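Student: Coordinates for the following, if possible.
(one chain, ligands or ions: 1)
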Amino acid sequence: MSKTVAFFGLGHMGGPMAANLVKAGFKVKGFDPVAALQDIATSRGIGKASSPVEAVAGADYVLSMLPNGEDVEALYIDREKLLDHIADTTLVIDCSTVAASSSRRLITEAQLRGLNAIEAPVSGGVAGAAAGTLSFMCGGDAANVERAREVLQHMGSNVFHAGPAGAGQTAKMCNNMLLAIHMIGTAEALQLGVDNGLDPKVLSEIMLKSSGANWSLEKYNPYPGVMESVPASNNYEGGFMVKLMCKDLGLAQQAATASRSYTPLGSLARNLYGLHSLAGNEELDFSSIQKLIGK
Ligand code: NAD
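Tutor: The predicted model follows:
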């Protein structure tokens, strides 16, 4: 009999991730407060749950892909109190990017109820979610991470065990701080080239084969029209929203303050993304930082 998954959060990432589980033969019940997303999910073969509690009944796995830590803690502990309705045979896997302290709280609260939970934030973007090639950075007990591979392998090509509860979020925070920095650097270099008469496509080809090559340039070019099927060529719609990048950069700065680590470029990246967000761009994809740098 096929295993069942309750999936919370059917947005940019959660929608295609849940669809890949359907393709892999899991019986998936989805829940998202946005009715339009629930309808798209239905068209992808994802069942509709009338309530969060109904979604988790009889589930082998409960997965969530929510915007931030407050949403995760509200769903599982403080508002819907979902942990009080989940069976002890179920494994909870939260894939949202949240503070390490938030993941530790979720995992501890689950343990207090005799339940198993891990964090598994991801990297790879919307394209990786659709293609099933995400990287999962898991934190929690090794045995639970091993068990989670049964579902994670159908949504990603890499499943890392970063360490105990919170370690996956720490890895994710470091990765996204670096991502923001190389996205801003890539946008700057492209704009400088264009302002000095270069074709951004030609400049991108040159830098991709030179020492400036990086993930933003290779997979997610921020200059409109250089690459097909990226947010920059779709008015910066879809993808990873500026407000979510601001959240991640804020988490990195909080952690840096707590550990007395100095991250001057991470701090600058947070300020640039913050100003870009305040200028009315918070819902756009994060590669739209090109607009801040452009003339
Ligand atoms: P999104 O806003 O598109 O999707 C989040 C969804 O969660 C929304 O549809 C929202 O309605 C839903 N939601 C909120 N509270 C809920 C609840 N209680 N129950 C069920 N659904 C609920 O955001 P996204 O881009 O899919 O990002 C989700 C998470 O993944 C974030 O933590 C983000 O930082 C992380 N992430 C995103 C990307 C990316 O490229 N978009 C990449 C890696 C990680």
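Student: I figured residue 150 hits residue 2, correct?
Tutor: No - using C-beta atoms under 8 Å, residue 150 is not in contact with residue 2, being 11.8 Å away. Any C-beta I mention is one placed from the backbone N, CA and C, and that applies to glycine too.
Student: who's more crowded, those two?
Tutor: For residue 150 versus residue 2, neighbours defined as other C-beta atoms under 10 Å are more numerous around residue 150 (14 against 10).
Student: How about the contacts made by residue 67?
Tutor: Listed by C-beta atoms under 8 Å, 6 or more residues apart in numbering, the contact partners of residue 67 are 9, 11, 96, 244, 247.
Student: Repeat that for residue 69.
Tutor: Shown in contact with residue 69 (C-beta under 8 Å, 6+ apart): 96, 98, 99, 101, 102.
Student: For whatever residue of the chain ends up closest to the ligand, which three-state class applies?
Tutor: For the chain and the ligand, the shortest gap (C-beta to the nearest ligand atom) falls at residue 11, measuring 1.9 Å. Here residue 11 is recorded as coil under DSSP: H, G, I helix; E, B strand; the rest coil.
Student: Can you get me a residue count around it?
Tutor: For residue 11, the count of nearby residues is 18 (other C-beta under 10 Å).
Student: any idea how far it lies from residue 283?
Tutor: Here residue 11 is placed at a distance of 12 Å from residue 283 (C-beta to C-beta, to the nearest Å).
Student: can you check residue 117 too?
Tutor: Distance from residue 117 to residue 283, by C-beta to C-beta: 31 Å.
Student: if you count what's nearby, which of these two comes out ahead?
Tutor: Neighbour count, other C-beta under 10 Å: between residue 117 and residue 283, residue 117 has more, with 25 against 12.
Student: In a strand, the more buried one, correct?
Tutor: Yes - membership of residue 117 in a strand is supported by three-state DSSP.
Student: Look at it and report its pLDDT.
Tutor: pLDDT recorded at residue 117 is 98.
Student: What's opposite it in the beta bridge?
Tutor: Using DSSP bridges, the beta-bridge partners of residue 117 come out as residue 92.
Student: and it, what does it touch?
Tutor: Contact analysis of residue 117 by C-beta under 8 Å, 6+ apart lists 91, 92, 93, 94, 106, 107, 110, 111, 140, 144.
Student: OK, contacts around the fourth one?
Tutor: With contact set as C-beta under 8 Å, 6+ apart, residue 94 has these partners: 63, 64, 66, 72, 76, 103, 106, 117, 118, 119, 120.
Student: Can you give me the distance of the third one to residue 81?
Tutor: As judged by C-beta to C-beta, residue 66 and residue 81 stand 15 Å apart.
Student: ok, these two, which is more surrounded?
Tutor: Neighbour count, other C-beta under 10 Å: between residue 66 and residue 81, residue 66 has more, with 23 against 14.
Student: Could you report the pLDDT at the more buried one?
Tutor: pLDDT, read off for residue 66, is 98.
Student: got the contact list for it?
Tutor: With contact taken as C-beta under 8 Å, 6+ apart, residue 66 is in contact with 8, 9, 14, 72, 75, 94, 96.
Student: let's see 6 Å
Tutor: Residues near residue 66 by C-beta atoms under 6 Å, 6 or more residues apart in numbering: 9, 72, 96.
Student: Alright, that wraps it up for me.
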